[in-house]
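A.B. asks: Need a 3D model of the following:
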Amino acid sequence: MKFKFFVALFFVCTFFYATDSISAEKESIESPSTFLSQDKYEFAPVPEGFEVKHDFIIENKGNAVLNIKKVRTG
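C.D. replies: So this is what the prediction gives:
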């Protein structure tokens, strides 16, 4: 009886170990991941006709190439 219990426990542990390994493989799929330290910026009042600029730093923290195809102002 104890032998059957240990065999069953072995298979259950093996199953959970195998499914954990599969999920770790899924996490390692290559994909880009954007990071912006600042996603919003409000300018002080600007007189008409003046040009203002602000740089946003976009960092790719993923493990694949990040392609930026479209940018729009809010």
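A.B. asks: can you give me the strands for the chain?
C.D. replies: For the chain, the strands defined by DSSP state E occupy 34-36, 58-60.
A.B. asks: okay if I get the ones you listed as JSON lines plus mean pLDDT?
C.D. replies: Formatted as JSON lines, those follow (pLDDT from 0 to 100):
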{"stretch": "strand 34-36", "mean pLDDT": "91"}
{"stretch": "strand 58-60", "mean pLDDT": "93"}
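A.B. asks: Out of these, which gets nearest to V71?
C.D. replies: For V71, the closest of those is strand 58-60, at 9.7 Å, according to CB to CB. Using the backbone N, CA and C atoms, a C-beta is placed for each residue, glycine as well.
A.B. asks: For that closest one, which helices and strands make contact with it?
C.D. replies: Helices and strands touching strand 58-60, by 3 or more CB pairs under 8 Å, 6 or more residues apart in numbering; DSSP states H and E, are strand 34-36.
A.B. asks: Count the neighbours of A44 for me.
C.D. replies: Other residues near A44 come to 5 when the count uses other CB atoms under 10 Å.
A.B. asks: whoops, I mixed them up, L66
C.D. replies: A total of 14 residues lie near L66 under the criterion other CB under 10 Å.
A.B. asks: doesn't F35 make contact with it?
C.D. replies: No - if you go by CB atoms under 8 Å, L66 and F35 don't touch, sitting 10.0 Å apart.
A.B. asks: Overlap of the contact sets of the two?
C.D. replies: Common contacts of L66 and F35, defined by CB atoms under 8 Å, 6 or more residues apart in numbering, comprise I58, N60.
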